[in-house]
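**Student:** what follows is a protein structure lacking sequence information:
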(Lines give C-alpha, C1' and ligand atoms only; values in the text may rest on other atoms or scores of the structure.)
Protein backbone atom coordinates (compact mmCIF):
# COMPACT_ATOMS: atom_id res chain seq x y z
CA UNK A 1 0.00 0.00 0.00
CA UNK A 2 2.85 2.38 0.85
CA UNK A 3 4.24 2.25 -2.67
CA UNK A 4 0.92 3.55 -4.03
CA UNK A 5 1.17 6.59 -1.77
CA UNK A 6 4.80 7.09 -2.77
CA UNK A 7 3.98 7.01 -6.47
CA UNK A 8 0.94 9.23 -5.90
CA UNK A 9 2.84 11.87 -3.93
CA UNK A 10 5.72 11.94 -6.40
CA UNK A 11 3.42 12.19 -9.42
CA UNK A 12 1.19 14.82 -7.81
CA UNK A 13 4.13 16.97 -6.72
CA UNK A 14 5.56 16.88 -10.24
CA UNK A 15 2.25 17.69 -11.92
CA UNK A 16 1.35 20.53 -9.56
CA UNK A 17 4.86 22.00 -9.82
CA UNK A 18 4.85 21.91 -13.62
CA UNK A 19 1.31 23.24 -13.87
CA UNK A 20 2.01 25.99 -11.33
CA UNK A 21 5.19 27.09 -13.06
CA UNK A 22 3.35 27.18 -16.38
CA UNK A 23 0.59 29.37 -14.93
CA UNK A 24 3.12 31.68 -13.28
CA UNK A 25 5.19 31.90 -16.46
CA UNK A 26 2.15 32.72 -18.60
CA UNK A 27 1.05 35.36 -16.11
CA UNK A 28 4.49 36.93 -16.03
CA UNK A 29 4.75 37.01 -19.82
CA UNK A 30 1.32 38.61 -20.08
CA UNK A 31 2.23 41.20 -17.49
CA UNK A 32 5.51 41.98 -19.22
CA UNK A 33 3.89 42.26 -22.64
CA UNK A 34 1.22 44.58 -21.28
CA UNK A 35 3.60 46.89 -19.48
CA UNK A 36 3.85 50.48 -20.74
CA UNK A 37 7.51 50.84 -19.74
CA UNK A 38 10.19 48.84 -21.47
CA UNK A 39 13.68 48.14 -20.16
CA UNK A 40 16.72 48.03 -22.38
CA UNK A 41 17.68 44.52 -21.25
CA UNK A 42 16.90 40.97 -22.17
CA UNK A 43 13.32 39.97 -21.49
CA UNK A 44 14.58 36.84 -19.74
CA UNK A 45 15.66 38.86 -16.69
CA UNK A 46 12.33 40.61 -16.30
CA UNK A 47 10.42 37.35 -16.75
CA UNK A 48 12.61 35.58 -14.17
CA UNK A 49 12.10 38.45 -11.75
CA UNK A 50 8.37 38.29 -12.37
CA UNK A 51 8.35 34.55 -11.70
CA UNK A 52 10.09 34.94 -8.36
CA UNK A 53 7.90 37.85 -7.32
CA UNK A 54 4.71 35.96 -8.13
CA UNK A 55 5.92 32.83 -6.34
CA UNK A 56 6.68 34.77 -3.16
CA UNK A 57 3.50 36.85 -3.06
CA UNK A 58 0.83 34.68 -4.71
CA UNK A 59 1.85 31.06 -4.19
CA UNK A 60 -1.50 30.00 -2.60
CA UNK A 61 -3.39 31.30 -5.63
CA UNK A 62 -1.21 29.40 -8.08
CA UNK A 63 -1.15 26.24 -5.97
CA UNK A 64 -4.95 26.39 -5.81
CA UNK A 65 -5.24 26.72 -9.58
CA UNK A 66 -2.57 24.11 -10.33
CA UNK A 67 -3.97 21.52 -7.91
CA UNK A 68 -7.48 22.19 -9.23
CA UNK A 69 -6.40 21.61 -12.83
CA UNK A 70 -4.52 18.44 -11.87
CA UNK A 71 -7.53 17.17 -9.88
CA UNK A 72 -9.87 17.85 -12.82
CA UNK A 73 -7.65 16.00 -15.30
CA UNK A 74 -7.11 13.06 -12.94
CA UNK A 75 -10.86 12.87 -12.25
CA UNK A 76 -11.60 12.61 -15.96
CA UNK A 77 -8.96 9.92 -16.45
CA UNK A 78 -10.25 8.02 -13.42
CA UNK A 79 -13.81 8.06 -14.68
CA UNK A 80 -12.85 6.93 -18.17
CA UNK A 81 -10.54 4.20 -16.89
CA UNK A 82 -13.19 3.00 -14.43
CA UNK A 83 -15.77 2.79 -17.18
CA UNK A 84 -13.12 1.10 -19.29
CA UNK A 85 -12.87 -1.71 -16.75
CA UNK A 86 -16.51 -2.57 -17.46
CA UNK A 87 -16.32 -2.17 -21.23
CA UNK A 88 -12.84 -3.66 -21.53
CA UNK A 89 -11.34 -0.53 -23.11
CA UNK A 90 -8.81 0.02 -20.31
CA UNK A 91 -7.27 -3.40 -20.88
CA UNK A 92 -6.50 -2.47 -24.47
CA UNK A 93 -3.93 0.03 -23.15
CA UNK A 94 -2.68 -1.67 -19.97
CA UNK A 95 -2.50 -5.17 -18.58
CA UNK A 96 -5.22 -5.88 -15.98
CA UNK A 97 -2.92 -5.76 -12.94
CA UNK A 98 -1.17 -2.61 -14.17
CA UNK A 99 -4.51 -1.01 -15.03
CA UNK A 100 -5.92 -1.63 -11.54
CA UNK A 101 -2.72 -0.42 -9.85
CA UNK A 102 -2.73 2.73 -11.97
CA UNK A 103 -6.40 3.34 -11.22
CA UNK A 104 -5.80 3.01 -7.49
CA UNK A 105 -2.79 5.33 -7.60
CA UNK A 106 -4.77 7.92 -9.54
CA UNK A 107 -7.46 7.79 -6.86
CA UNK A 108 -4.87 8.61 -4.21
CA UNK A 109 -3.45 11.40 -6.39
CA UNK A 110 -6.93 12.87 -6.79
CA UNK A 111 -7.60 12.85 -3.05
CA UNK A 112 -4.28 14.48 -2.17
CA UNK A 113 -4.73 17.05 -4.94
CA UNK A 114 -8.14 18.00 -3.55
CA UNK A 115 -6.71 18.32 -0.02
CA UNK A 116 -3.95 20.54 -1.39
CA UNK A 117 -6.57 22.55 -3.28
CA UNK A 118 -8.54 23.18 -0.08
CA UNK A 119 -5.48 23.98 2.07
CA UNK A 120 -4.12 26.44 -0.50
CA UNK A 121 -7.50 28.17 -0.62
CA UNK A 122 -7.35 28.68 3.13
CA UNK A 123 -4.03 30.54 2.82
CA UNK A 124 -5.13 32.56 -0.19
CA UNK A 125 -6.12 36.13 0.72
CA UNK A 126 -7.56 37.09 -2.67
CA UNK A 127 -10.82 35.36 -1.76
CA UNK A 128 -10.83 34.76 2.02
CA UNK A 129 -12.17 31.35 3.04
CA UNK A 130 -12.48 30.15 6.62
CA UNK A 131 -12.35 26.53 7.75
CA UNK A 132 -16.14 26.28 7.82
CA UNK A 133 -16.39 27.86 4.35
CA UNK A 134 -14.12 25.14 2.97
CA UNK A 135 -15.53 22.13 4.80
CA UNK A 136 -19.24 22.80 5.38
CA UNK A 137 -21.58 23.05 2.35
CA UNK A 138 -23.54 26.29 1.89
CA UNK A 139 -21.71 28.15 4.68
CA UNK A 140 -19.62 30.24 2.29
CA UNK A 141 -21.14 33.39 0.81
CA UNK A 142 -18.83 33.39 -2.22
CA UNK A 143 -20.71 33.71 -5.52
CA UNK A 144 -24.16 32.94 -4.15
CA UNK A 145 -26.85 31.52 -6.43
CA UNK A 146 -30.56 32.32 -6.51
CA UNK A 147 -33.28 30.02 -7.81
CA UNK A 148 -36.74 31.43 -8.52
CA UNK A 149 -35.81 34.50 -6.54
CA UNK A 150 -34.72 32.47 -3.49
CA UNK A 151 -31.05 32.48 -2.48
CA UNK A 152 -29.63 28.99 -2.01
CA UNK A 153 -26.18 30.13 -0.95
CA UNK A 154 -22.90 29.35 -2.63
CA UNK A 155 -24.10 26.35 -4.63
CA UNK A 156 -20.91 25.91 -6.67
CA UNK A 157 -18.68 25.89 -3.59
CA UNK A 158 -21.04 23.46 -1.88
CA UNK A 159 -20.90 21.08 -4.84
CA UNK A 160 -17.12 21.07 -4.64
CA UNK A 161 -17.22 20.25 -0.92
CA UNK A 162 -19.76 17.46 -1.41
CA UNK A 163 -17.72 16.00 -4.27
CA UNK A 164 -14.64 16.03 -2.02
CA UNK A 165 -16.39 14.01 0.68
CA UNK A 166 -17.75 11.53 -1.85
CA UNK A 167 -14.32 11.04 -3.42
CA UNK A 168 -12.65 10.56 -0.03
CA UNK A 169 -15.32 7.98 0.89
CA UNK A 170 -14.80 6.07 -2.35
CA UNK A 171 -11.00 6.07 -2.04
CA UNK A 172 -11.01 5.01 1.62
CA UNK A 173 -13.42 2.13 0.99
CA UNK A 174 -11.41 1.10 -2.09
CA UNK A 175 -8.17 0.98 -0.09
CA UNK A 176 -9.52 -0.71 3.04
CA UNK A 177 -12.61 -2.80 2.26
CA UNK A 178 -12.33 -3.71 -1.43
CA UNK A 179 -11.69 -7.37 -0.55
CA UNK A 180 -13.87 -7.83 2.54
CA UNK A 181 -16.88 -5.73 1.54
CA UNK A 182 -17.13 -5.95 -2.22
CA UNK A 183 -20.83 -5.08 -2.36
CA UNK A 184 -20.24 -1.90 -0.33
CA UNK A 185 -17.34 -1.07 -2.63
CA UNK A 186 -19.46 -1.53 -5.75
CA UNK A 187 -22.39 0.50 -4.42
CA UNK A 188 -20.11 3.29 -3.22
CA UNK A 189 -18.35 3.42 -6.57
CA UNK A 190 -21.61 4.35 -8.22
CA UNK A 191 -21.39 7.65 -6.31
CA UNK A 192 -18.39 8.55 -8.48
CA UNK A 193 -20.80 9.58 -11.25
CA UNK A 194 -22.49 12.01 -8.86
CA UNK A 195 -19.10 13.31 -7.73
CA UNK A 196 -18.06 13.84 -11.35
CA UNK A 197 -21.22 15.85 -12.01
CA UNK A 198 -20.54 17.99 -8.94
CA UNK A 199 -16.90 18.52 -9.95
CA UNK A 200 -17.91 19.42 -13.49
CA UNK A 201 -20.31 22.18 -12.38
CA UNK A 202 -17.96 23.38 -9.63
CA UNK A 203 -15.02 23.77 -12.02
CA UNK A 204 -17.11 25.18 -14.84
CA UNK A 205 -18.41 28.10 -12.77
CA UNK A 206 -15.60 28.67 -10.27
CA UNK A 207 -12.48 27.58 -12.14
CA UNK A 208 -10.41 30.65 -13.01
CA UNK A 209 -8.79 28.97 -15.99
CA UNK A 210 -12.10 27.53 -17.19
CA UNK A 211 -14.04 30.78 -17.14
CA UNK A 212 -13.51 31.36 -20.86
CA UNK A 213 -11.46 30.35 -23.87
CA UNK A 214 -10.43 26.97 -25.20
CA UNK A 215 -9.88 25.42 -21.75
CA UNK A 216 -13.56 25.91 -20.98
CA UNK A 217 -14.51 24.16 -24.22
CA UNK A 218 -12.09 21.33 -23.49
CA UNK A 219 -13.71 20.88 -20.08
CA UNK A 220 -17.17 20.85 -21.66
CA UNK A 221 -16.01 18.26 -24.19
CA UNK A 222 -14.58 16.15 -21.35
CA UNK A 223 -17.96 16.28 -19.63
CA UNK A 224 -19.73 15.24 -22.82
CA UNK A 225 -17.22 12.43 -23.34
CA UNK A 226 -17.79 11.05 -19.84
CA UNK A 227 -21.55 11.30 -20.33
CA UNK A 228 -21.34 9.30 -23.56
CA UNK A 229 -19.05 6.73 -21.96
CA UNK A 230 -21.43 6.43 -18.99
CA UNK A 231 -24.39 5.80 -21.28
CA UNK A 232 -22.41 3.15 -23.16
CA UNK A 233 -21.40 1.53 -19.84
CA UNK A 234 -25.06 1.46 -18.73
CA UNK A 235 -26.16 0.01 -22.05
CA UNK A 236 -23.46 -2.67 -21.89
CA UNK A 237 -24.38 -3.69 -18.34
CA UNK A 238 -27.94 -4.40 -19.46
CA UNK A 239 -27.11 -6.12 -22.73
CA UNK A 240 -24.08 -8.27 -21.89
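**Tutor:** That came in fine, so what should we check first? As the structure is a computational prediction, the values presented were derived from the model and not from experiment.
**Student:** any idea how far residue 177 is from residue 146?
**Tutor:** To residue 177, residue 146 is 41 Å away according to Cβ to Cβ, to the nearest Å. Yep, even glycine has a C-beta here, placed from its N, CA and C like the rest.
**Student:** which one of these two has more residues nearby?
**Tutor:** Each of residue 146 and residue 177 has its neighbours counted (other Cβ atoms under 10 Å); residue 177 has more, 14 against 10.
**Student:** quick check: that one touching residue 187?
**Tutor:** No. When contacts are counted by Cβ atoms under 8 Å, residue 177 is not listed as touching residue 187 (11.5 Å).
**Student:** how about residue 142, what does it touch?
**Tutor:** Shown here is residue 142, whose contacts under the criterion Cβ atoms under 8 Å, 6 or more residues apart in numbering are 127, 129, 133, 154, 157.
**Student:** in what helix or strand does the residue nearest the centre of the chain lie?
**Tutor:** With distances taken as Cα atoms, centre = their mean, the chain has residue 71 as the residue nearest its mean C-alpha position (2.2 Å). Taking DSSP states H and E as the definition, residue 71 sits inside helix 43-87.
**Student:** ok, then the element right after that helix?
**Tutor:** Using DSSP H and E, the helix or strand that follows helix 43-87 in sequence is helix 96-123.
**Student:** buried set for that next one?
**Tutor:** Going by neighbour count (16 or more other Cβ atoms under 10 Å), the buried part of helix 96-123 is 99, 102-114, 116-118, 120-121.
**Student:** just name the shakiest helix or strand of this structure by mean pLDDT.
**Tutor:** The weakest-scoring helix or strand in the chain, judged by mean pLDDT, DSSP states H and E, is helix 2-34 (a mean of 57).
**Student:** quick one: residue 120 from residue 112, how far?
**Tutor:** According to Cβ to Cβ, residue 120 stands 12 Å off from residue 112.
**Student:** my error: substitute residue 138 in the last question.
**Tutor:** According to Cβ to Cβ, residue 138 stands 25 Å off from residue 112.
**Student:** what does residue 162 give?
**Tutor:** To residue 112, residue 162 is 19 Å away according to Cβ to Cβ.
**Student:** ditto for residue 218
**Tutor:** Look at residue 218 and residue 112: by Cβ to Cβ, they are 24 Å apart.
**Student:** could you do residue 168 as well?
**Tutor:** 11 Å.
**Student:** repeat that for residue 59.
**Tutor:** From residue 59 to residue 112 the distance is 18 Å (Cβ to Cβ).
**Student:** repeat for residue 94
**Tutor:** Plainly put, residue 94 is 22 Å away from residue 112 if you go by Cβ to Cβ.
**Student:** again, but for residue 229
**Tutor:** Here residue 229 is placed at a distance of 25 Å from residue 112 (Cβ to Cβ).
**Student:** can you tell me the closest non-neighbouring residue to residue 126?
**Tutor:** Ranked by Cβ to Cβ, 6 or more residues apart in numbering and with sequence neighbours excluded, the top spatial neighbour of residue 126 is residue 61, at 5.7 Å.
**Student:** what is the burial count for that neighbour?
**Tutor:** Here the count is done by other Cβ under 10 Å, and residue 61 has 22 residues near it.
**Student:** and if you look at residue 181?
**Tutor:** 13.
**Student:** show me what contacts it?
**Tutor:** Per Cβ under 8 Å, 6+ apart, neighbours of residue 181: residue 173.
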